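> Give me the fold of what follows.
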Amino acid sequence: MGLLDHAEMVDAKRFEVIAHASVMRSGRLRFATDAMEMMDLTSVKSIILFSLSDRRYPGDDVEYGAVTCPEEDARGFAVKASGPYRYISLKNFLIQEGINFKDYAITFEVTDANEQWEGKPVFRLTMRRTPKPSTQKPEAQETNPNEFDFLQ
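Down below sits the predicted model:
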């Protein structure tokens, strides 16, 4: 009996790429080229989202399951094109979920879940949130004329 007789080979290609999607100021979720390729978005008409996170544990990652549909599905968000990119309009959904995309840069890591739902591929979207740099100019700091007295 050999070491690998009952082992399952790891599909390295599945784990090499970390694809991304970003929420734009308009509330659109725009898929990067690597995510478009992974999800085959050029032939997808809609994406159905499933909430995977338990909101009772705010420290946990916010995750969604995404099912890509080659046909339009009333349960999903319509996939639209903007130049070479694909996006879905999530503004109202993000507002309902309490996701602040105005003050934070919201990105999603897209990974292949290696599953099927109703014969369609499933992907995991893991949200990452980063504060956006302030757009306000810093106020001029007043210096105290006596603060450098020790140098004299």
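> Stretch 72-86: end-to-end distance?
Using Cα to Cα, to the nearest Å, the end-to-end distance of stretch 72-86 comes out at 15 Å.
> How about stretch 12-21?
OK, stretch 12-21 end separation, Cα to Cα: 22 Å.
> who's A19 bridged to?
V110 (DSSP bridges).
> okay, and for the protein, where does confidence drop off?
Scanning the chain for pLDDT under 70 picks out the ranges 14-17, 54-60, 135-152.
> Just give the nearest non-adjacent residue to the residue nearest the centre of the chain, would you?
The geometric centre of the chain, computed from its C-alpha atoms, lies nearest to F108 (Cα atoms, centre = their mean), at 1.4 Å. Among residues not flanking F108 along the chain, L125 sits closest, at 4.2 Å (Cβ to Cβ, 6 or more residues apart in numbering). Every C-beta, even on glycine, is put in place using the N, C-alpha and C of the backbone.
> ok, now how distant is the one you found from S134?
To S134, L125 is 28 Å away according to Cβ to Cβ, to the nearest Å.
> between those two, which one's more packed in?
It is L125, of L125 and S134, that has more neighbours when counted by other Cβ atoms under 10 Å, with 23 against 8.
> The more buried one: what secondary structure?
strand (DSSP: H, G, I helix; E, B strand; the rest coil).
> ranges for the helices of the protein?
Taking DSSP state H, the helices of the chain run over residues 12-16, 33-39, 91-97.
> just those helices: most buried one?
Ranked by mean neighbour count, those are led by helix 33-39 with a mean of 18 (mean count of other Cβ atoms under 10 Å).
> contacting residues around that one?
17-21, 31, 41-42, 66, 68, 84-86, 110, 112, 121, 123 (Cβ atoms under 8 Å, 6 or more residues apart in numbering).
> if we go to 7 Å?
For helix 33-39, contacts defined as Cβ atoms under 7 Å, 6 or more residues apart in numbering pick out V17, A19, H20, A21, F31, T42, T68, R86, V110, D112, F123.
> JSON lines for these, including distance to D11?
Converted to JSON lines, the contacts of helix 33-39 look like this (distance: Cβ to Cβ, whole Å):
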{"residue": "V17", "distance to D11": "12"}
{"residue": "A19", "distance to D11": "16"}
{"residue": "H20", "distance to D11": "20"}
{"residue": "A21", "distance to D11": "22"}
{"residue": "F31", "distance to D11": "22"}
{"residue": "T42", "distance to D11": "23"}
{"residue": "T68", "distance to D11": "19"}
{"residue": "R86", "distance to D11": "25"}
{"residue": "V110", "distance to D11": "16"}
{"residue": "D112", "distance to D11": "9"}
{"residue": "F123", "distance to D11": "15"}
